[in-house]
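Novice: Predicted model and sequence below, questions to follow.
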Amino acid sequence: MSAFALVLVTLTSLLLFVYGINLLYLSRRALSLRPEAVRSVAAGEELPVVVQLPVYNERYVAERVIDAACRLDWPRDRLEIQVLDDSDDETVAIVQSSVSRWRARGVKISACSPECCSGAMLPSEASRSISAPMRRERCCFTAGRSTSVSWRSA
């Protein structure tokens, strides 16, 4: 039995030694890498960004999430916020008031809800339609009124 224990300890020690050598090798390679140059984007050349906020009965966080998204440090003409609201409680009114408030401040924001018309985009459909070149109908709250607007992805 002691011969078996000696072989087991030797094998384990050998594996730990190889592991340690590999760790030292990888650490040395990581320290010798040069940092990549930071690519700065000139003002006015930022890419357009669409932020989608899926919401479902989250009355305690909906307003804070919308506020945080609208406060992103990104050019206003290149930022669009879409609140994808599938709520069936008082969250709908909270989302409508937040969207109206931020829209009045000049933020491109819309709220989509399946309750305002048939055929609304749910979060899963909206994420697929961003890259798909197709014409869609979606429901949006505009200053508290629900309206159906056509949307064409590029």
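Specialist: Sure, I can see it. Residues are numbered from 1 along each chain as shown.
Novice: Give me the longest helix you can find in the protein.
Specialist: Secondary structure of the chain per DSSP state H: the longest helix is helix 2-32.
Novice: quick one: it to chain centroid distance?
Specialist: 41 Å (C-alpha atoms, centre = their mean, to the nearest Å).
Novice: Kindly report the same for stretch 56-69.
Specialist: On C-alpha atoms, centre = their mean, the centre of stretch 56-69 falls 14 Å from that of its chain.
Novice: pLDDT averaged over it, what's the number?
Specialist: For stretch 56-69, the mean pLDDT works out to 93.
Novice: Extract the residue ranges of this protein that are flagged as low pLDDT.
Specialist: 115-154 (pLDDT under 70).
Novice: re the thing from before, in its sheet, what does the helix or strand following the longest helix of the chain sit against?
Specialist: Going down the chain from helix 2-32, the next helix or strand is strand 49-55, by DSSP states H and E. Strand 49-55 has its sheet partners listed here by DSSP bridges as strand 79-85 (parallel).
Novice: Mind checking what helix or strand follows the partner strand in sequence?
Specialist: Beyond strand 79-85 toward the C-terminal end (DSSP H and E), the next one is helix 91-104.
Novice: Report the buried residues of that following helix.
Specialist: 91, 92, 94, 95, 96, 98, 99, 100, 101, 102, 103 (16 or more other C-beta atoms under 10 Å). Quick note: C-beta positions are derived from backbone N, CA and C, even for glycine.
Novice: Out of the residues you listed, which two sit at the greatest distance?
Specialist: 91 and 103 (18.0 Å; C-beta to C-beta).
Novice: residues in contact with residue 78?
Specialist: 46, 47, 48, 49 (C-beta atoms under 8 Å, 6 or more residues apart in numbering).
Novice: All set, thanks.
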